[in-house]
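Undergrad: when you get a sec, could you give me coordinates for this:
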Amino acid sequence: MILSISGVVLLGVVLFIFFRKDGLKASHMVVAMLFGFYLASTAVAPSIKAGGESLAGLLGGLKF
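TA: Here you go, the predicted model:
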């Protein structure tokens, strides 16, 4: 649960930065949010979640 909340916050911050700095229009921002919302309710959502969790586990296991 913590990973999904922090992931949502991170993606929200990135989307906001794109909106403010890189010229992302408000309509593009709304479309991106709606895409994520509708994608979360499809049959692909568990696969995307599993991929995100495995990527987070991989990045968390890296030692510098």
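
Undergrad: when you work out contacts or count neighbours from here on, use the C-alpha atoms and nothing else.
TA: Fine.

Undergrad: V9: neighbour count?
TA: Using other C-alpha atoms under 10 Å, V9 is surrounded by 12 other residues.

Undergrad: host element of it?
TA: helix 2-21 (DSSP states H and E).

Undergrad: ok now do the spatially most central residue of the chain, which residues does it touch?
TA: Centroid-nearest residue in the chain: L11, 4.3 Å away (criterion: C-alpha atoms, centre = their mean). Contact analysis of L11 by C-alpha atoms under 8 Å, 6 or more residues apart in numbering lists nothing.

Undergrad: what separates it from G36, distance-wise?
TA: 10 Å (C-alpha to C-alpha, to the nearest Å).

Undergrad: next one: F19
TA: Using C-alpha to C-alpha, F19 is found at 16 Å from G36.

Undergrad: tell me which of the two has more neighbours.
TA: F19 (15 against 12).

Undergrad: pLDDT weak spots in this protein?
TA: 1-7 (pLDDT under 70).

Undergrad: using CSV, write out every CA atom in the helix or strand encompassing V30.
TA: Element membership for V30 (DSSP H and E) is helix 26-39. Output of helix 26-39 as CSV, limited to C-alpha atoms (Å, rounded to 0.1, in the frame of the first residue of the first chain):
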residue,chain,number,x,y,z
ALA,A,26,-4.1,21.2,-19.0
SER,A,27,-6.1,19.1,-21.4
HIS,A,28,-3.1,16.7,-21.9
MET,A,29,-2.8,16.5,-18.1
VAL,A,30,-6.5,15.6,-17.7
VAL,A,31,-6.2,13.0,-20.5
ALA,A,32,-3.2,11.4,-18.8
MET,A,33,-5.0,11.3,-15.4
LEU,A,34,-8.1,9.7,-17.0
PHE,A,35,-6.0,7.2,-18.9
GLY,A,36,-4.4,6.1,-15.6
PHE,A,37,-7.8,6.0,-13.9
TYR,A,38,-9.4,3.8,-16.6
LEU,A,39,-6.3,1.7,-17.0
